[in-house]
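Asks: compute the structure for the input listed below.
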Amino acid sequence: MNTAQIESPPAVPKKPQPLEHLLVWAVPKKNTRIVVAYLPGEDPRNPNNLVTVNVEVNQNFQPNMVLHANMVNERVYDLVGEVPRWRGIW
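Replies: The predicted structure follows:
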C-alpha cells in the first residue's frame with residue numbers, strides 16, 4: 001500500500017490594505033458599532049460619498065475627527081487602532 005502525502009499549496013501572502021484617512025460625519029445613537037465618515041476632499045452632503053466605519057463603540061467620536069481605517073469593501077471600512085479614550089480626543 002502506497003501512502004503518499006498530500007502537500008497543500010503554498011500560502012499566498014495577503015497584500016496589506018492601504019490605510020485611509022477619513023473624517024467623521026455622523027455618530028448614530030442607535031447603532032453604537034458604526035461611525036459614518038467621508039474621504040477628505042469629498043462632499044459629505046452627497047450620500048454617495050459617505051461610508052460606514054466599523055468601530056468597537058462610537059460614544060467618544062465627534063464630527064470632523066480624523067480616523068484611520070482599512071477598506072473592507074466599497075462602502076465599508078474597519079477602524080485601525082483603538083477608539084478614542086475621551087470624547088473627541090485620541
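Asks: quick one, what contacts the spatially most central residue of the chain?
Replies: Centroid-nearest residue in the chain: D78, 2.1 Å away (criterion: Cα atoms, centre = their mean). Residues near D78 by Cβ atoms under 8 Å, 6 or more residues apart in numbering: 53-54, 69-70, 72. The way it works is simple: take the backbone N, C-alpha and C, and place the C-beta from them, glycine included.
Asks: please tell me how far L67 sits from P44.
Replies: Separation of L67 from P44 (Cβ to Cβ, to the nearest Å): 14 Å.
Asks: returning to what we had before: okay, and which of the contacts of D78 map to strands?
Replies: 53-54, 69-70, 72 (DSSP state E).
Asks: list only buried entries from these.
Replies: 53, 69 (16 or more other Cβ atoms under 10 Å).
Asks: for E20, state which of the ones in strands among the contacts of D78 is nearest.
Replies: A69 (5.4 Å; Cβ to Cβ).
Asks: need the contact list for that closest one.
Replies: 19-20, 22, 37, 53, 77-80.
Asks: selection in ChimeraX covering whichever of those are buried, please.
Replies: Selection command for ChimeraX covering only the buried members of the contacts of A69, criterion 16+ other Cβ under 10 Å:
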select :20,22,37,53,77,79
